[in-house]
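Peer 1: Dropping a prediction and its sequence here:
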Amino acid sequence: MPDAFSYVRFSTPEQMKGDSLRRQTRMSEAFAAENRLTLRTSYTDLGMSGFRGKNRDKGSLRRFLDAVEDGRIPRGSWLLVESLDRISRDRIGEALPEFLNLLKSGIIVATLQDKRIYDERSVDDPMQLVGSLIVMSRAHEESAMKSHRTKEAWKTRREKGLRHALCPAWLKLSSDGQSYEPIESRVRVLVEIFEMSANGIGTSGIARILNERAEPPFSKKLKGKPRAGREARGWHAASVRDLLTSRAVLGELQPYHREGHGKIPAGDPIRNHYPAVIDDALFARAQAARRKTGRKGRKGTAYSNLFAGLAFCARCRGPMRLAHNATQTQIYYRCANASTGIASGIKCDSLGSTYFNARSVEIQLLHHVEEYRLHELFANPETDAQLRDVESNLVAYAERIGELERQQKNILRQVAILDEEDPILEDFHKVLREQRSEIRLHQDQAKLLKEHHTELLAQQDQRDDVEKTIIKLRAKLRVLQWDESVHRKWLNAATTDEDKARWKEAIEQNHRDMLPIRAKLSIALQQFVQRTDFDQVAGTIDVIMVGGKVRYRFERKGLKTRKDGVNLNLRASGIEFVGRTEAEYYLGP
């Protein structure tokens, strides 16, 4: 008995609630039994449109076609579909070649609704080809018309200011259907996500925190609120990133329309379409922090490397990485090029030198923050000059836009009294088009400047109290580190599995509590540290301030040296502060 494979597809998840799946499945089973076929596998694309060939490119249909091409589905096998429009609703130029290639591969296609059978001979049968063309053409035209009507309906709704129940996950349509209302529980989570991002926690870390406390994802269905798409099982970095980059939190709606398999903006964003739930300053701080946390380096569950993206080898300019000792009890900074040259293919001459204990580095560099004279460093920041320039340009754009709008009103008054056949009308319309274009250009530039202005203000606010912030965070961190050391002692002394599990959970909770604190510390350090240069041979660390003119030096202590001055490969007992110097330093990679 020949093998048969059924293919079931429908376009929207709502059709799952209807009879479509059962109907198509039953038809395939009945046809296979009637024609003595062995029904092997059912390929399904549930809730996937065939209008633009998504099922052919990414769906189960793609898996079937690949199996045919690979020979895993042999020639002479049958494909059972309700109708040809289940295979594709794409343009004939796309759908027909794929259909013919399938037939040429020896696959027999049966359409269950009209009992038609297509095989290799159908390629040369004009009547059957015409019949399939008519079906494909009708299917595409129906989908194209639905798409056009949907676009026009949405366009009309936007133009009339009408609201729709499908809206951002943190909003719902009001009972009168005239406005949107925030869902307080979700808005609280959303604000927390932006605050965590502004404090330096990356999208993966935020998702992990939300999942650990079993926070329901925004895709979870709520009573009285329709949702699009599937319900996620938890939070993911991508879903957090989508929220952090969405300007809908500021109240904007950006209409889109389909272009091929993607979508492109349809006109300018509509401001104040939604109620704003995130203020501009917090949004800007989150975006600025995301750019900084985009530095390379794995943060881990406790944000281990406070100096990620800031720590470099003074010998080869390679990055400093964290590494464990043989017993996994200590963490050290070492040059990534010191062993195998993995960072850049350069083998560093610090190979064999003593590593820097990460905890000692962290304690000393944070302990001396009061000696860094941050008030002097930020006394005349470039931010002030940038703010003045931005504010001046914003005023200039506002004046120019106002002037153009006044000119437009004057021209429109003149147009209104002119005869329709007056030749000067065309000149007036040309001027109006040019002015509209210039106004849009200035509005776009002003929008970018406003975003930059908000970001500069956020940076200024962050820098104002950075010294106090670091001292406060360091104190909190020391308490948690002390707690962790106590918990580890109790873990080592535990004799029962229950006690071991309890102290392990306590240590993991310490790490969870440390994560936001260490993330904030990392962001704070990046406000004033340009880079830290580690010299493993000389045993020194240079903390170079922003601008490269001020350096604070630290040295390892407890090292023995040879007569030639080179440190022996012995473990350093600690790190101590040496002093401050002022000079220009190399700040290249």
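Peer 2: On my side now, so go ahead.
Peer 1: okay, now K504: neighbour count?
Peer 2: Neighbourhood size, K504 [other Cβ atoms under 10 Å]: 14. To be clear about C-beta, it is placed using only N, CA and C from the backbone, and glycine gets the same treatment.
Peer 1: Does it touch N492 like I think?
Peer 2: No: using Cβ atoms under 8 Å, K504 is not in contact with N492; the gap is 11.4 Å.
Peer 1: all strands of the stretch 401-550 of the chain, in order?
Peer 2: Here the stretch 401-550 of the chain has its strands, by DSSP state E, counting those that start in this stretch, at 529-535, 540-545, 550-557.
Peer 1: Quick one: list the elements packing against the last one.
Peer 2: Put plainly, it is strand 550-557. For strand 550-557, the packing partners by 3 or more Cβ pairs under 8 Å, 6 or more residues apart in numbering; DSSP states H and E come out as helix 358-367, strand 540-545, strand 574-582.
Peer 1: and what of the first one?
Peer 2: When contacts are defined as 3+ Cβ pairs under 8 Å, 6+ apart, strand 529-535 packs onto strand 311-313, strand 540-545.
Peer 1: Show me what the last one is packed up against.
Peer 2: Taking 3+ Cβ pairs under 8 Å, 6+ apart as the contact definition, the neighbouring helices and strands of strand 540-545 are helix 358-367, strand 529-535, strand 550-557.
Peer 1: and the angle for that strand with helix 358-367?
Peer 2: Relative orientation of strand 540-545 versus helix 358-367 (axes from the mean of the first three to the mean of the last three Cα atoms, to 10 degrees): 40 degrees.
Peer 1: can I get the CA coordinates of strand 540-545 in PDB?
Peer 2: Backbone C-alpha positions of strand 540-545 (Å, rounded to 0.1, in the frame of the first residue of the first chain) are rendered in PDB as follows:
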ATOM      1  CA  THR A 540      50.100  46.900  39.200                       C
ATOM      2  CA  ILE A 541      46.600  48.100  38.300                       C
ATOM      3  CA  ASP A 542      46.000  51.500  36.800                       C
ATOM      4  CA  VAL A 543      42.500  52.900  37.100                       C
ATOM      5  CA  ILE A 544      42.300  55.600  34.400                       C
ATOM      6  CA  MET A 545      39.600  58.100  34.700                       C
END
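Peer 1: outside of it, which residues touch it?
Peer 2: For strand 540-545, the external contacting residues (Cβ atoms under 8 Å, 6 or more residues apart in numbering) are 314, 356, 361, 365, 372, 377, 528-535, 550-556, 575, 578, 585, 587.
Peer 1: And those residues, which of them are buried?
Peer 2: 314, 356, 361, 365, 372, 377, 528-535, 550-552, 554-556, 575, 585 (16 or more other Cβ atoms under 10 Å).
Peer 1: for the residue of the chain positioned farthest from its centre, phi and psi?
Peer 2: The outermost residue of the chain relative to its centre, with distances by Cα atoms, centre = their mean, is D419 at 55.7 Å. Phi and psi for D419, reported as degrees, to the nearest 10, are phi -70, psi 150.
Peer 1: Can you check what pLDDT the model gives the residue nearest the centre of the chain?
Peer 2: By Cα atoms, centre = their mean, the mean C-alpha position of the chain lies nearest to R241, the distance being 3.4 Å. Per-residue pLDDT puts R241 at 91.
Peer 1: Equivalent analysis for R75, please.
Peer 2: The confidence metric pLDDT takes the value 90 at R75.
Peer 1: between the helices and strands packed on strand 550-557, which gets nearest to S185?
Peer 2: Minimum separation from S185 across these (Cβ to Cβ) falls at helix 358-367, 37.0 Å.
Peer 1: how big is the angle separating that closest one from strand 574-582?
Peer 2: Relative orientation of helix 358-367 versus strand 574-582 (the same axes, to 10 degrees): 40 degrees.
Peer 1: picking that back up, now the helices and strands packed on strand 550-557 as JSON lines including mean pLDDT and distance to K347?
Peer 2: Formatted as JSON lines, the helices and strands packed on strand 550-557 follow (pLDDT from 0 to 100; distance: least, Cβ to Cβ, whole Å):
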{"stretch": "helix 358-367", "mean pLDDT": "83", "distance to K347": "23"}
{"stretch": "strand 540-545", "mean pLDDT": "88", "distance to K347": "21"}
{"stretch": "strand 574-582", "mean pLDDT": "79", "distance to K347": "26"}
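Peer 1: most tightly surrounded among these?
Peer 2: Stretch with highest mean neighbour count among the helices and strands packed on strand 550-557: strand 540-545 (a mean of 22; mean count of other Cβ atoms under 10 Å).
Peer 1: okay, the angle between that one and strand 550-557?
Peer 2: With the same axes, to 10 degrees as the basis, strand 540-545 and strand 550-557 are set at 160 degrees to each other.
Peer 1: Quick one: closest of the helices and strands packed on strand 529-535 to R400.
Peer 2: Closest to R400 of the helices and strands packed on strand 529-535, according to Cβ to Cβ: strand 540-545, at 40.1 Å.
Peer 1: quick one: the closest one to chain centroid distance?
Peer 2: Relative to the centre of its chain, strand 540-545 is centred 33 Å away, using Cα atoms, centre = their mean, to the nearest Å.
Peer 1: And stretch 357-367, by the same measure?
Peer 2: 33 Å.
Peer 1: Quick one: residues in contact with that stretch.
Peer 2: The contact list for stretch 357-367 (Cβ under 8 Å, 6+ apart) reads 304-307, 322, 330-333, 470, 474, 521, 532, 541, 543, 554, 572, 574-577.
Peer 1: tell me, how many neighbours does D66 end up with?
Peer 2: Using other Cβ under 10 Å, D66 has 11 other residues around it.
Peer 1: just use 13 as the starting number from now, easier for me
Peer 2: Sure, I'll start counting at 13 from here, so that last one is D78.
Peer 1: any idea how far the host helix or strand of it is from the chain center?
Peer 2: Following DSSP states H and E, one finds D78 within helix 72-82. Here helix 72-82 is found 31 Å from its chain centre; the criterion is Cα atoms, centre = their mean.
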